[in-house]
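# quick one: sequence plus predicted model below, questions after.
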Amino acid sequence: MRSEERWRNRLANNPVEYAMFVAVNDEGQIVGFADGGRERSGDPSYDGELYAIYLLKEHQRKGIGKLLFHHVVSHLASNHFYAMLIWVLYDNPSRYFYESMGGQLIREQSIEIGEQQLRESAYGWRNLMSLQEQL
């Protein structure tokens with residue numbers, strides 16, 4: 001399946017609690033996105049999940065990531081989710097962004113991508129209503 005087809009399916013075949021927010025520049029080009037919805041691993045303490053935030057490098061550190069984060073938090077809170085987590089590779093410097101947004105390291109695990117073992121960290125926010133007020 002081509003990348004474009006995967007994205008079309010992802011956007012068309014999701015429940016109402018799923019949302020994707022897209023950042024565009026002045027020329028209308030996509031420079032980043034964030035998406036989130038129901039937590040996927042069955043964790044009883046976190047019912048929502050920030051699936052991903054991605055920004056092109058030249059658009060980072062301009063407040064766009066924080067704005068995308070806020071949109072996902074607001075969407076989850078308005079759909080009656082009370083807590084949220086995100087999984088991030090330990091070596092990914094974006095984990096410091098999640099820490100700066102108040103995320104608490106809640107656990108780590110090893111995952112295999114290809115034939116490589118990688119360390120993954122989960123950051124969590126226990127109260128989305130409170131977080132929404134802080135943003």
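Looks like it came in fine.

# next helix or strand past the worst-scoring helix or strand of the chain on mean pLDDT?
The least trusted helix or strand in the chain, going by mean pLDDT, DSSP states H and E, turns out to be helix 3-12, with a mean of 60. Following helix 3-12 in sequence order, the next helix or strand is strand 19-24 (DSSP states H and E).

# flag every buried residue along that next one.
Neighbour-count burial for strand 19-24 flags 19-21, 23 (criterion: 16 or more other Cβ atoms under 10 Å). (Each C-beta comes from the backbone N, C-alpha and C, glycine too.)

# just checking: what are the partner strands of whichever helix or strand comes after that strand?
With elements assigned by DSSP H and E, the helix or strand that comes after strand 19-24 is strand 30-38. The pairing partners recorded for strand 30-38 under DSSP bridges are strand 19-24 (antiparallel), strand 48-55 (antiparallel).
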